[in-house]
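# pasted the sequence and its predicted model underneath.
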Amino acid sequence: MTQTNDQLIREMVEKVLSHVQSGWGGRTAPTAGKEAPPPISSRQAASPASGRQFGQFTDVEQAVAAAKVAQRAIARRSLAQRQEAIDLIRRIITERADELGRLEYEETKIGHPPHKSEKLLTAGRLAQGVRGLSTSCFSGDHGITLDERGPWGVVGVVTPVTHSLPTLAVNAMDMIAAGNSLVCNPHPGGKKIAAHGARLFNQAIYEKLGIDNLICVIVNPTLESAGAIFKHPDVRLLVVTGGPGVVAAALASGKRAICAGPGNPPVVVDASADIDNAARCIIDGGSYDNNLLCISEKEVFVESAVFDQFMDAMSKAGAYRLTSQQLDELTRLCVETPKNGGLPHANKKFVGAEPQTLAEQIGLKIPADCRLLFGQAASNMHDLVQAEQMTPLMPIVKCDSFEQAVDFAKQAEHGFGHTAIIHSRLVDHMTYMGKEMDTTCYVKNGPSVAALGAGGEGYGNFTIACSTGEGVATPLTYTRFRRCTMVDNLRIV
Ligand code: NAD
């Protein structure tokens, strides 16, 4: 050994720096910790002179090119370094939840302000990180085969206005866990908070790992920029969260598309149910963020034997009971019916409005702490029952029997396959409805959000791929199956 320690250290540092942006080539990637690439100084990273984009793009072509470079870099890093990137995003949305939630509300002006930061905190808890990846193995006389989950590359992402930054953050954490980068066309109504969040995430990741643009955002998104992402040859997977329009567009692109489409989750309350619990759960789930969640209760079908008891229980639990005439008046404001047919849909003007604001429209003043309005709808074909209204305004339908309630629920769900809820003590009723509804999520005796781990077991996500069947997303959702086979060897037992 002729080299001095100083020389050795200098060479090591040069090698490390040369691989910071380009990845680790064929060499073994360092784990996080003392061998990881050193942080770039924040002064250099934040300086405009450094030419850093931090994920801000006006042009799809440039965004995809940058995301491609970033994806190659992250794919060559260790799993520990991917986890570091995820932990940085988690830290930002957790530690700055109040500020970011306030910015999201100021821009979108929909939903219930305290729930904006709560959704970011939830997003921070939801991310599974690289532990959400799994491998499986076969071992036998002919050697071993390993099934692993690899990245797709650059993922084209579309996010909804109902939770712009929470969706982007969870999508980013899951997609990076799987080794992907992403180019997001956010909803124009939530574009500023999406771009701001992406800037914070990218800057932190760059300072720690030396990789910029893992999360690229089109800062002025349009339907054309969405179309350009959908058609781009370097975008290998599409992940869209939104209503029927974006699902249809993604599926028409000819690419593999994971679609978290609309829902209209019905609730059935049968005569055996714990009525007080049913009322509390429907208020909790149906009023959350003023009903912006796709999974939230949107209409309720109640067996006639317990109808009056149920309506009283809703009032007792704090919801405000409207007369059927008041419900119809508000429906005319909150729901629009397309002239050329098709389903009635929410009037954007009232999506996510506070119940107090809705009540004022018809000259009512309701208590400041009331979270939900409800009233009896004349029939199951009422516009408020049929529309995915996304307002804290719950239509209740009286049904002759449990079977009729399930029939009505099935019709109102429109085959979206999203979510259904039952309140019952009868296991055969639960089983019957579960089979009939055939939805991605099915909740028994709890609020809808229990299916996302909030009050129920299991993990959650803001992307529930009901339209294409992948279900509640995890990092695995964004992977490709890869098989590695060693013939006649390496079985060591
Ligand atoms: P939206 O359909 O108006 O917009 C969603 C996104 O799609 C936006 O970014 C929008 O710009 C884009 N978009 C719309 N039409 C498009 C087209 N033809 N081509 C390309 N992009 C297009 O929905 P929204 O109001 O933002 O969100 C609410 C809807 O999203 C509801 O229907 C709700 O159920 C659904 N959603 C579903 C999930 C889920 O996990 N399944 C989660 C959240 C929201």
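Received, thanks.

# residue of the stretch 351-493 of the chain with the smallest distance to the ligand?
residue 464 (3.5 Å; C-beta to the nearest ligand atom). All C-beta atoms are positioned from the backbone trio N, CA, C, and that covers glycine.

# that residue: what's it in contact with?
By C-beta atoms under 8 Å, 6 or more residues apart in numbering, the residues touching residue 464 are 260, 263, 294-295, 418-419, 440-441, 452, 471-473.

# could you list the low-confidence segments of this protein?
Applying pLDDT under 70 to the chain flags residues 1-50.

# can you tell if the longest helix that the chain contains touches the ligand?
In the chain, with assignment by DSSP state H, the single longest helix is helix 191-209. No: judged by C-beta under 6 Å from any ligand atom, helix 191-209 stays clear of the ligand, getting no closer than 8.8 Å.

# helices or strands up against that helix?
Contacts defined by 3 or more C-beta pairs under 8 Å, 6 or more residues apart in numbering; DSSP states H and E place helix 191-209 against helix 42-46, strand 56-57, helix 79-95, helix 97-108, helix 164-177, strand 215-218.

# can you mark which positions in whatever helix or strand comes next after the shortest one are buried?
Pointing back at strand 56-57 there. Sequence order places helix 60-76 as the next helix or strand after strand 56-57, per DSSP states H and E. Using 16 or more other C-beta atoms under 10 Å as the test for burial, helix 60-76 gives 60, 63-76.

# show me the contacts of residue 464 that map onto helices.
Using DSSP H, no member of those sits in helices.

# of the residues you listed, buried ones?
Buried among the contacts of residue 464 (16+ other C-beta under 10 Å): 260, 263, 294-295, 418-419, 440-441, 452, 471-473.

# turn the residues you listed into TSV, including distance to residue 204.
Formatted as TSV, the buried ones among the contacts of residue 464 follow (distance: C-beta to C-beta, whole Å):
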residue	distance to residue 204
260	26
263	34
294	29
295	30
418	34
419	34
440	33
441	33
452	26
471	30
472	27
473	23
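
# just want the phi and psi numbers for residue 320.
Here is the backbone geometry of residue 320 (degrees, to the nearest 10): phi -100, psi 120.

# shouldn't it be in contact with residue 359?
Yes: with contact defined as C-beta atoms under 8 Å, residue 320 reaches residue 359; the gap is 7.0 Å.

# which residues are in contact with each of those two?
366, 373.

# and of the contacts of residue 464, the nearest to residue 231?
Nearest to residue 231, judged by C-beta to C-beta, of the contacts of residue 464 is residue 260 at 20.8 Å.

# next up, the contacts around that closest one.
If you count contacts by C-beta under 8 Å, 6+ apart, residue 260 has them with 239-242, 294, 463-467, 473.

# and of the residues you listed, the nearest to residue 349?
Here the nearest of the contacts of residue 260 to residue 349, counting by C-beta to C-beta, is residue 242; it sits at 18.7 Å.

# check the secondary structure at the closest residue to the closest one other than its chain neighbours for me.
Nearest non-adjacent residue to residue 242, counting by C-beta to C-beta, 6 or more residues apart in numbering: residue 160, 4.7 Å away. When classified by DSSP: H, G, I helix; E, B strand; the rest coil, residue 160 comes out as coil.

# how far away is residue 160 from the ligand?
Separation of residue 160 from the ligand (C-beta to the nearest ligand atom, to the nearest Å) stands at 3 Å.

# my guess is that residue contacts residue 187, does it?
Yes: taking contacts as C-beta under 8 Å, residue 160 lies within contact range of residue 187: 5.6 Å.

# shared neighbours, those two?
residue 242.

# those two: which is more packed in?
Of the pair residue 160 and residue 187, residue 160 is the one with more neighbours under other C-beta atoms under 10 Å, namely 23 against 20.

# got the contacts of residue 260 as a markdown table, with secondary structure columns?
As requested, these are exported to a markdown table (three-state DSSP):
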| residue | secondary structure |
| --- | --- |
| 239 | strand |
| 240 | strand |
| 241 | strand |
| 242 | coil |
| 294 | coil |
| 463 | coil |
| 464 | strand |
| 465 | strand |
| 466 | coil |
| 467 | coil |
| 473 | coil |
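
# quick revisit: wait, which of the helices and strands packed on helix 191-209 is closest to the ligand?
Comparison of these against the ligand by C-beta to the nearest ligand atom identifies helix 164-177 as nearest, at 6.7 Å.

# which helix or strand lies directly C-terminal to the closest one?
Assignment by DSSP H and E places the next element after helix 164-177 at strand 181-185.

# mind listing what's buried in that following strand?
181-185.

# ditto for stretch 259-272
Neighbour counts over stretch 259-272 (16+ other C-beta under 10 Å) mark 259-271 as buried.

# now, which of the residues you listed lie close to the ligand?
Applying C-beta under 6 Å from any ligand atom to the buried residues of stretch 259-272, those adjacent to the ligand are 260-263.

# can I get those residues in JSON lines including distance to residue 456?
Shown next, in JSON lines, are those (distance: C-beta to C-beta, whole Å):
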{"residue": "260", "distance to residue 456": "19"}
{"residue": "261", "distance to residue 456": "22"}
{"residue": "262", "distance to residue 456": "22"}
{"residue": "263", "distance to residue 456": "17"}
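
# list the contacts for the nearest residue to residue 324 once chain neighbours are set aside?
In space, residue 324 comes closest to residue 376 once its chain neighbours are excluded; the distance is 5.2 Å by C-beta to C-beta, 6+ apart. Residue 376 is in contact with 311, 324, 327, 395-398, counting by C-beta under 8 Å, 6+ apart.

# what pairs with residue 376 across the strands?
residue 396 (DSSP bridges).

# for it, give its distance to residue 337.
According to C-beta to C-beta, to the nearest Å, residue 376 stands 20 Å off from residue 337.

# closest one to the ligand out of the buried residues of strand 181-185, please.
Using C-beta to the nearest ligand atom, the buried residues of strand 181-185 come closest to the ligand at residue 185, 6.2 Å.

# who does that closest one form a beta bridge with?
Applying DSSP bridges to residue 185, the residues it is bridged with are residue 158.

# hmm, it is touching residue 226, no?
Yes: taking contacts as C-beta under 8 Å, residue 185 lies within contact range of residue 226: 4.4 Å.

# what residues are shared contacts of the two?
Contact criterion C-beta under 8 Å, 6+ apart; residues shared by residue 185 and residue 226: residue 158.

# please identify which helix or strand holds residue 398.
Residue 398 is part of strand 393-399, with elements assigned from DSSP H and E.

# next structured bit after that strand?
Going down the chain from strand 393-399, the next helix or strand is helix 402-413, by DSSP H and E.

# which bits of the stretch 1-150 of the chain sit near the ligand?
So the stretch 1-150 of the chain never meets the ligand (C-beta under 6 Å from any ligand atom).

# name the nearest residue to the residue of the stretch 1-150 of the chain found nearest the ligand, ignoring sequence neighbours.
Residue nearest to the ligand within the stretch 1-150 of the chain: residue 110 (8.9 Å; C-beta to the nearest ligand atom). Nearest-residue entry for residue 110: residue 352, 3.1 Å, with adjacent residues in sequence omitted and distances by C-beta to C-beta, 6+ apart.

# quick one, what contacts the closest residue in space to residue 157 that isn't next to it in sequence?
Distances taken as C-beta to C-beta, 6+ apart put residue 184 closest to residue 157, at 4.2 Å, once the chain neighbours are dropped. With contacts defined as C-beta under 8 Å, 6+ apart, residue 184 is in contact with 157-159, 168, 171, 194, 198, 215-218.
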